[in-house]
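Trainee: Turn this into a structure:
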Amino acid sequence: MRVLAVHLTADHPPVFCRETAALVHGLPLVTVPSHVHVQQLPDGSAHSRGGVRRHCSSMTAPPVVRISGLQVTSLESTIVALAIGSGFPAGVLALDDALRRGTTDLARVSELAQMARTAAARTRIAAVLDFACGDAESPGESLSRVQMMVMGFPAPELQRVFSDARGFIGRVDFYWPEARLVGEFDGLVKYSKPEFLNGRTPSEVVIEEKRREDRLRALGLRVVRWTWDDLRDPALLRELLTSAGLVPGRPIIPGRVLRARG
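Mentor: Next up is the predicted model:
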């Protein structure tokens, strides 16, 4: 509603960018935006005020598309702008999601990234491009990956499939082979939303999850789970993972990921 209000009351049709464009594109965000984000007018006459934040583009002539009557920066240029201006986690969440949905590819984002005005900006988006992966199945999994990397934990395998003598057990979110450790992000929506319940009651889903976890443990695996509350306080996630047997290394500063891996 706030975005529509800005659109309808503007003297000139605004071009929405960054977090606002991400919302219009359906990309996940780390937090709810406190402002409506729009591109600065070419003459630079407008200023940020009244809950509207105006930005000079971090790229030269970012592509613009129209969605539901709103002008927004294109999906790829929105991802690049998030990575440059809103930080590494925001860029990874957006690009992971777009890759998972098949709405973009790394080559298209990388092409736009070359339009960034400064070397520092290109370094920030390069780190996101290097780290993003379409195998993350939810924003919570993407943010978990970011926090693990930043805290220096070993990179897990994603979506590893396990079976036993009875057949298929399931596909787990994270797996560390050396530690024989399974990690599961539990967003809790599968216990409440009809599209995840598939006609089952919440208690039936809980029982199925318990049986699945028992079968994993019978293979000699350990299982650690965390929720959004643990992600909101990285110290809690760190404690859960170290208690489960993972040993963190040196913390990694986003934007230096490429050099750290090379």
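
Trainee: helices or strands up against the biggest strand by length in the chain?
Mentor: Identified as the longest strand of the chain according to DSSP state E is strand 167-176. Applying 3 or more CB pairs under 8 Å, 6 or more residues apart in numbering; DSSP states H and E, one finds that strand 167-176 contacts helix 139-150, strand 157-164, strand 181-185, helix 202-218. Bear in mind the C-beta positions are built from the backbone N, C-alpha and C, glycine included.

Trainee: Give the buried residues for the longest one.
Mentor: I take that to be helix 202-218. Across helix 202-218, burial judged by 16 or more other CB atoms under 10 Å covers 205, 209, 212-213, 215-216.

Trainee: Same question for the second one.
Mentor: Along strand 157-164, these residues count as buried under the neighbour rule (16+ other CB under 10 Å): 158, 162.

Trainee: again, but for the first one
Mentor: Residues of helix 139-150 classed as buried under the neighbour-count rule (16+ other CB under 10 Å) are 139-150.

Trainee: Assess the claim that F131 and V150 are in contact.
Mentor: No - applying CB atoms under 8 Å as the test, F131 and V150 come out as separate, 10.6 Å apart.

Trainee: if we can go back for a sec, let me have the buried residues of helix 139-150 in CSV, adding distance to A121 and pLDDT as columns.
Mentor: Listed next are those as CSV, based on distance: CB to CB, whole Å; pLDDT from 0 to 100:
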residue, distance to A121, pLDDT
P139, 24, 93
G140, 28, 94
E141, 27, 96
S142, 21, 96
L143, 22, 95
S144, 26, 96
R145, 22, 95
V146, 19, 95
Q147, 23, 95
M148, 25, 95
M149, 20, 94
V150, 20, 93
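
Trainee: any idea which of those is closest to L246?
Mentor: M148 (8.6 Å; CB to CB).

Trainee: Give me the below-cutoff pLDDT ranges for the stretch 1-150 of the chain.
Mentor: Across the stretch 1-150 of the chain, the ranges flagged by pLDDT under 70 are 41-47, 58-60.

Trainee: what about the helices in it?
Mentor: 2-9, 18-25, 75-85, 88-101, 106-113, 119-131, 139-150 (DSSP state H, counting those that start in this stretch).

Trainee: by how many degrees do the fourth one and helix 75-85 diverge?
Mentor: Here the directions of helix 88-101 and helix 75-85 differ by 160 degrees (axes from the mean of the first three to the mean of the last three CA atoms, to 10 degrees).

Trainee: Would you mind giving the orientation angle of helix 88-101 with respect to helix 106-113?
Mentor: Calculated by the same axes, to 10 degrees, helix 88-101 forms an angle of 140 degrees with helix 106-113.

Trainee: List the buried residues of helix 88-101.
Mentor: So for helix 88-101, counting by 16+ other CB under 10 Å, buried means 88-100.

Trainee: can you check the fifth one too?
Mentor: Residues 106, 109, 112-113 are the ones in helix 106-113 that count as buried (16+ other CB under 10 Å).

Trainee: Which two among those residues are spaced furthest apart?
Mentor: L106 and L112 (11.1 Å).

Trainee: Would you mind confirming that F185 makes contact with Q159?
Mentor: No - using CB under 8 Å, F185 makes no contact with Q159, being 12.0 Å away.

Trainee: For the closest residue to G87 other than its chain neighbours, which three-state class applies?
Mentor: Closest residue to G87 apart from its sequence neighbours, by CB to CB, 6 or more residues apart in numbering: P254 at 7.4 Å. With DSSP: H, G, I helix; E, B strand; the rest coil as the basis, P254 sits in coil.

Trainee: what stretches of the stretch 151-262 of the chain score poorly on pLDDT?
Mentor: 187-200, 202-203, 205, 255-262.

Trainee: hmm, try it at 50
Mentor: 197, 257-262 (pLDDT under 50).

Trainee: Give the buried residues for the helix or strand encompassing L240.
Mentor: Element membership of L240 [criterion: DSSP states H and E] is helix 234-243. Going by neighbour count (16+ other CB under 10 Å), the buried part of helix 234-243 is 237-238, 241.
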